[in-house]
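>>> can't give you the sequence, but here's the structure:
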């Protein structure tokens, strides 16, 4: 990896981790779901969908894509927290909450990634 790419990933990672911490603090878990974790994961999917579509375009700038995609989105989102939260709900026999949270996280994440990619493709077409 080139030094500028490593700096971009590191800088993006630092910003993404800070954003995740702030959102999880602002939106703490309730008796139902860990809203902050859900919010960062869904927001990260939307942004990564947009960035992936941008990277697919001929005008992609690799260090920026790496910094925002791999760095920022990679540290903003947290699959490990999702897995632990679902496992805890299951251990507590909250099967409805566990199933719902997992379904909203996965289906919502995929849907928002598609929305993000679509938004970028529309923007690319408008720019041409």
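Perfect, I can see it now. Values in this document were obtained by computation on a predicted structure and should not be read as measured data.
>>> Please make it C-alpha for all contacts and neighbour counts, starting now.
Fine.
>>> show me the contacts for the residue nearest to residue 4 when sequence neighbours are not counted.
Leaving aside its chain neighbours, residue 4 sits nearest to residue 63 (6.7 Å; criterion: CA to CA, 6 or more residues apart in numbering). Contact analysis of residue 63 by CA atoms under 8 Å, 6 or more residues apart in numbering lists 4, 5, 8, 9.
>>> Which among those count as buried?
Among the contacts of residue 63, those classed as buried by 16 or more other CA atoms under 10 Å are 5, 8, 9.
>>> Rebuild these as a markdown table, extending it with secondary structure.
A markdown table is the format used below for the buried ones among the contacts of residue 63 (DSSP: H, G, I helix; E, B strand; the rest coil):
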| residue | secondary structure |
| --- | --- |
| 5 | helix |
| 8 | helix |
| 9 | helix |
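>>> any idea which of these is least confident?
On pLDDT alone, residue 5 ranks lowest of the buried ones among the contacts of residue 63, at 87.
>>> Help me confirm that it comes into contact with residue 69.
No - if you go by CA atoms under 8 Å, residue 5 and residue 69 don't touch, sitting 11.7 Å apart.
>>> element containing the residue nearest to residue 4?
Using DSSP states H and E, the element containing residue 63 is helix 62-65.
>>> Any buried residues in that helix, and which?
Neighbour counts using 16+ other CA under 10 Å place 63, 64, 65 of helix 62-65 among the buried residues.
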